[in-house]
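Participant: kindly return the folded structure for what I paste below:
(one chain, ligands or ions: 2)
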Amino acid sequence: MLSNYLKPRWPICITGLTGVLFILLLGSVSSQSQLGGYRENRLPKPLEDADYLYDGAPPKALYELGRLLFFDPVLSGNRNISCGTCHDPGLGTGDALALGIGEGGHGVGTQRVTRDPVPGRIPRNAQSLWNVGARQYRSMFHDGRLEVDASGLETSGFTNPAGSDLPPGLPSTLAAQALFPVTSGLEMAGQRHENPVADAVADDNRPLAWARLAARLAAIPEYVDLFRLAFDDVAAADDITFTHAAKALAAFQTQAFRSDQSPFDRFLRTGDASMLSRDAQQGLKLFFGKANCVSCHSGPLLTDHRFHAIGMPQTGPGKGHGADFTYWRETGLPGRLEDEGRYRVTFDQADLFAFRTPSLRNVEITGPWGHSGAFKTLEGVVRHHLDPESSLDAFDSDRISLPRLDQVIRPAGRGSVTHFVPLTAAQIRAFEKKDRWVQKSDGLRGRIRSRNTLASISLSREDIAHIVAFLGSLTDPSALDRSDLLPAGVPSGLAPQPAPSGR
Ligand code: HEC
Ligand code: HEC
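Facilitator: Ligands and ions are numbered 1, 2, ... in the order given. I've put the predicted structure just below:
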């Protein structure tokens, strides 16, 4: 019954009625246009078990296996980073950095530094993982490059960067996602000659990389027992595939990062406005009304799962899209730097510099914000929305703080004869210019600006404060610190990352 709350449908239940009364009450202090949002019932339904994979309750053995894998550096080529290093449950399931350092880094959160040489920094902000186990996720990543295949051509059921190498039998986009970080040289795999997983990745042979990781797990007796417990089709070590690991990782994330107990949820479930502070109530009214945030941040997760270009500044080295070679000409170091977002997936001009609308659940604790972590404050990223083009031009890229990369290597030679040479001090200075290049270039910044689709809107300082208060009401108190998820040890015998007591 509660799930029908605020659907335009009769008979309406008592709680629904309270909600409607609340809305009328709010409406009495606002103009007709502000009221419009409510009349169209733009408030989402509350979340319930059926909205999540496994109806929110994956089998315990699968969850436990997934938990150990998530924090076990054994899944990284050089055994030096886990999923949890970048998606730290003590840091809002992110890493608290605008752009993180992948394998080769040392330490967690803002303390992270390079220890071993790395070829560069991670080009995008680590997404938070709150509610990624919701069934409504049909695409993954800021650009949705992994998504449910509508054409029926893909044997795996997903359009994805590995094409037909992605194995069939992956039950969800979330499970399919887990196959990618481990085959990213920067994130988890490492560089050629460092380890056999990295070698397979460098040879563009992802299936071999997945097989090598599965073999690693199969060589650890405790994991074999856990896989047998979790899967009917695993009788012996040889039966373990990376797909099994991916399923377990998805089961873990579904349950661990479900987060639907915020004041906003309590309001949705009861219709009782007193669940929200007065400021948050005003903010809610703006969000679903005059400020029209709901036109993109819609539904129970406050995202339409679509892609929009909103003139977000790019910080960092980008994804190497685009066609601009000025950085290369000036520094002698290779590089095209733009991050063209969704365009590189669809090659549709309308998608240039578009990124997936992020869910706003727990958004207060998932900063820095934006696809490359450009904004350090929540208010800052909200203000960006009010006048995206001026905000982009005014954005001072020198304000951005990124962890220093003190040892940078770059490949020399080709194919299997590749080796890596460290950059000299002068080259590192040129290399660091990469991080600010796009924003500082009138031409490149102008391209981002020209694609903006978000109309400006005028809001008072008070309005903005109210919206920020509403965003605060999306925080589930239990999400503030989920360090309780960290295992004391993992079956590989390596130190789990992040360490349960290392903060
Ligand atoms: C080096 C840091 C790093 C590591 C390690 C890492 N991730 Fe991520 N994760 C990211 C970044 C950055 C993104 C966004 C990438 C993009 O959009 O191109 C991301 C995106 C995701 C997403 C997509 C969320 C969404 O809303 O679309 C999921 C799920 C995820 N990671 C899970 C994992 C799992 C599981 C592992 C371990 C197998 C892992 N990550 C390891 C940094 C990392
Ligand atoms: C046209 C669609 C659209 C509208 C309208 C919109 N947003 Fe966004 N919002 C986005 C997209 C897309 C992003 C991510 C852009 C990027 O990173 O490049 C975003 C990012 C955000 C973020 C940062 C989230 C994060 O995890 O980094 C916040 C906070 C936010 N929006 C709040 C709002 C508020 C408040 C409003 C209303 C004033 C609003 N948005 C209106 C599309 C929209």
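Participant: which of the residues in stretch 483-494 are buried?
Facilitator: Leu485, Leu486, Val490, Pro491, Ser492, Leu494 (16 or more other CB atoms under 10 Å). Where you see a C-beta, it was placed from the backbone N, CA and C, and this is true even at glycine.
Participant: ligand 2: which of those residues is nearest?
Facilitator: Leu485 (20.8 Å; CB to the nearest ligand atom).
Participant: make JSON lines out of the buried residues of stretch 483-494 and add secondary structure, distance to Asp225 and pLDDT.
Facilitator: Shown next, in JSON lines, are the buried residues of stretch 483-494 (DSSP: H, G, I helix; E, B strand; the rest coil; distance: CB to CB, whole Å; pLDDT from 0 to 100):
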{"residue": "Leu485", "secondary structure": "helix", "distance to Asp225": "21", "pLDDT": "97"}
{"residue": "Leu486", "secondary structure": "coil", "distance to Asp225": "21", "pLDDT": "97"}
{"residue": "Val490", "secondary structure": "coil", "distance to Asp225": "14", "pLDDT": "98"}
{"residue": "Pro491", "secondary structure": "coil", "distance to Asp225": "9", "pLDDT": "98"}
{"residue": "Ser492", "secondary structure": "coil", "distance to Asp225": "14", "pLDDT": "98"}
{"residue": "Leu494", "secondary structure": "coil", "distance to Asp225": "18", "pLDDT": "98"}
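Participant: so which bits of the protein are right by ligand 1?
Facilitator: 75, 81, 83, 85-87, 100, 102, 122, 124, 126-127, 129, 132, 140-143, 174, 177-178, 181-182, 187-188, 249 (CB under 6 Å from any ligand atom).
Participant: now the buried members of these.
Facilitator: Counted by 16+ other CB under 10 Å, those give 75, 81, 83, 85-87, 100, 102, 122, 124, 126-127, 129, 132, 140-143, 174, 177-178, 181-182, 187-188, 249 as buried.
Participant: can I get the helix or strand Trp437 falls within as PDB, trimmed to CA atoms?
Facilitator: Using DSSP states H and E, Trp437 sits in helix 434-440. Backbone C-alpha positions of helix 434-440 (Å, rounded to 0.1, in the frame of the first residue of the first chain) are rendered in PDB as follows:
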ATOM      1  CA  LYS A 434      47.900  18.200 -18.100                       C
ATOM      2  CA  ASP A 435      45.700  18.400 -15.100                       C
ATOM      3  CA  ARG A 436      44.600  22.000 -15.900                       C
ATOM      4  CA  TRP A 437      45.100  22.100 -19.600                       C
ATOM      5  CA  VAL A 438      41.500  21.700 -20.800                       C
ATOM      6  CA  GLN A 439      40.100  24.300 -18.300                       C
ATOM      7  CA  LYS A 440      42.800  26.800 -19.100                       C
END
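Participant: where's the nearest residue to Leu170 once chain neighbours are set aside relative to Leu208, distance?
Facilitator: The shortest distance from Leu170 to any residue other than its chain neighbours is 4.4 Å, reached at Ala176 (CB to CB, 6 or more residues apart in numbering). To Leu208, Ala176 is 18 Å away according to CB to CB, to the nearest Å.
Participant: cool, Tyr343 as well?
Facilitator: 31 Å.
Participant: neighbour count winner among the two?
Facilitator: Between Tyr343 and Leu208, counted using other CB atoms under 10 Å, the more crowded position is Tyr343 (22 against 17).
Participant: got phi/psi on that one?
Facilitator: phi -50, psi -40 (degrees, to the nearest 10).
Participant: go on, Tyr52?
Facilitator: phi -110, psi 150.
Participant: for it, which residues are in contact?
Facilitator: Asn131, Gly133, Ala134, Arg135, Thr254, Arg258 (CB atoms under 8 Å, 6 or more residues apart in numbering).
Participant: ok, now with 7 Å
Facilitator: By CB atoms under 7 Å, 6 or more residues apart in numbering, the contact list for Tyr52 reads Gly133, Ala134, Arg135, Thr254, Arg258.
Participant: and for Val182?
Facilitator: Leu75, Met188, Ala189, Ala209, Leu213.
Participant: grab the nearest non-local neighbour of the fourth one.
Facilitator: So that's Ala209. Ala200 (3.9 Å).
Participant: part of a helix, is that neighbour?
Facilitator: Yes - per DSSP: H, G, I helix; E, B strand; the rest coil, Ala200 lies within a helix segment.
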